[in-house]
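> sequence-free structure coming up:
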């Protein structure tokens, strides 16, 4: 599961990274110290209350930043079901993406523009309040000023051309639009991210050499994170070259088992948890209608005593969190949707009926088949049953095929984190 659901706005599920608890506490402490410095006579309880208000304001700013991406994406015809609030508004696995480079560029720049605009508005508000004079105005001015700076930093940092910051996505969209190939966009984003990351690391060493070890180390770690992100983009391109010509129907598991929503989980939990059995996700069906899916991850979260008490409908993942794909969907896009969902598999529906299941295991087998000896990128036959496709169903055993890079519990190979 990616983040924790905390709210729903405009029909969009808001998910939150647990690390926000530390971020809010840190911002509250810094703000409380600054308020005390601006007005030393302030009551300590009021000082920390104002710090908490600033921290809540910073969270609201990050929410507005990410929500601006989602709202504009919807206006551009992109389906958005969930967003993940990140610390600095950068790209996350749940971010909406368009298949059109122009729309993707507009979606990417929305966040930084909104953050800078909000920061400017708060700065003007701080100046207006400060003009009123008095102790209360001084404190209010300090609170508004801190929020203004945080929003301006949020906007400016995000235009740095390094993925996963919005700037990296902007670079990708521009290169994609100029060449007409998304792969070239990813290459440009990866190169820009690597250059920026190495530059930031070098800057960290300079700061350390000047005697500030703590800040220098933090700067260096930030640069290393950007370099690692650039490496992840290279891996994504490699996987795209391996499976970019495949469709979901070429690798999906067929003839897979289904369950009724009223069954108790213990009736089939062993089948999911047995690592010798290839089944990692079971679709929940009633009267031929796909209601949801139950995977290894959902079952593993249950205590042994709960298996006989919980019914499938109590545990299954259902729309809107559950994406539905079709056999004709491109595999690369479906892999990204699977990764964003955090599930073990996605139902494949054709003509309103279940056609199969796209699982992490079936994708891993496809990557393994394409990357094996004699299979160069783009050389394998798209109809080859490397992971289930039109060959033996993985739900009934895959013959001598060994488990792929992922047996159903880990990340999809090459998918963006």
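Now that the structure is in, tell me what you want to look at. Since the model is a prediction, treat every value here as computed from it, not as a measurement. Numbers count the residues shown, from 1 in each chain.
> output the below-cut-off pLDDT ranges for the stretch 201-350 of the chain.
Where the stretch 201-350 of the chain drops to pLDDT under 70, the residues are 275-277.
> all strands for it, in order.
Counting by DSSP state E, counting those that start in this stretch, the stretch 201-350 of the chain has these strands, from start to end: 258-259, 281-286, 289-295, 345-350.
> and those strands as JSON lines, adding distance to residue 191 and mean neighbour count?
Every C-beta, even on glycine, is put in place using the N, C-alpha and C of the backbone. Rendered in JSON lines, the data for the strands of the stretch 201-350 of the chain read as follows (distance: least, C-beta to C-beta, whole Å; neighbours: other C-beta atoms under 10 Å):
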{"stretch": "strand 258-259", "distance to residue 191": "46", "mean neighbour count": "18"}
{"stretch": "strand 281-286", "distance to residue 191": "37", "mean neighbour count": "22"}
{"stretch": "strand 289-295", "distance to residue 191": "36", "mean neighbour count": "22"}
{"stretch": "strand 345-350", "distance to residue 191": "32", "mean neighbour count": "23"}
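> of all those strands, which lies closest to residue 240?
Nearest of those to residue 240, taken as C-beta to C-beta: strand 345-350 at 18.8 Å.
> wait, which of the strands of the stretch 201-350 of the chain is closest to residue 62?
With C-beta to C-beta as the criterion, residue 62 lies closest to strand 345-350 of the strands of the stretch 201-350 of the chain, at 29.0 Å.
> by contact count, what packs against the closest one?
Here strand 345-350 touches strand 289-295, helix 331-341, strand 353-359, going by 3 or more C-beta pairs under 8 Å, 6 or more residues apart in numbering; DSSP states H and E.
> how distant is the second one from the center of its chain?
Using C-alpha atoms, centre = their mean, to the nearest Å, the mean C-alpha position of helix 331-341 is found 11 Å from that of the whole chain.
> same question, the first one
For strand 289-295, the gap between its own C-alpha mean and the chain's C-alpha mean amounts to 22 Å (C-alpha atoms, centre = their mean).
> contact partners of it?
Taking contacts as C-beta atoms under 8 Å, 6 or more residues apart in numbering, the residues outside strand 289-295 that touch it are 259, 261, 265, 272, 280-285, 312-313, 315-319, 322, 324, 343-347, 349, 352, 354, 357, 408.
> give me the angle between it and strand 345-350.
The directions of strand 289-295 and strand 345-350 differ by 160 degrees, with axes from the mean of the first three to the mean of the last three C-alpha atoms, to 10 degrees as the criterion.
> again with the longest one
For helix 331-341 against strand 345-350, the angle between stretch directions is 130 degrees (the same axes, to 10 degrees).
> just the helices and strands packed on strand 345-350: most buried one?
The densest packing among those, expressed as mean neighbour count by mean count of other C-beta atoms under 10 Å, is seen in strand 353-359 with a mean of 24.
> after that strand, which helix or strand is next?
Elements were assigned by DSSP states H and E; along the chain past strand 353-359, the next helix or strand is helix 360-371.
> average pLDDT across that following helix?
Computed over helix 360-371, the mean pLDDT rounds to 85.
> nothing else from me, thank you.
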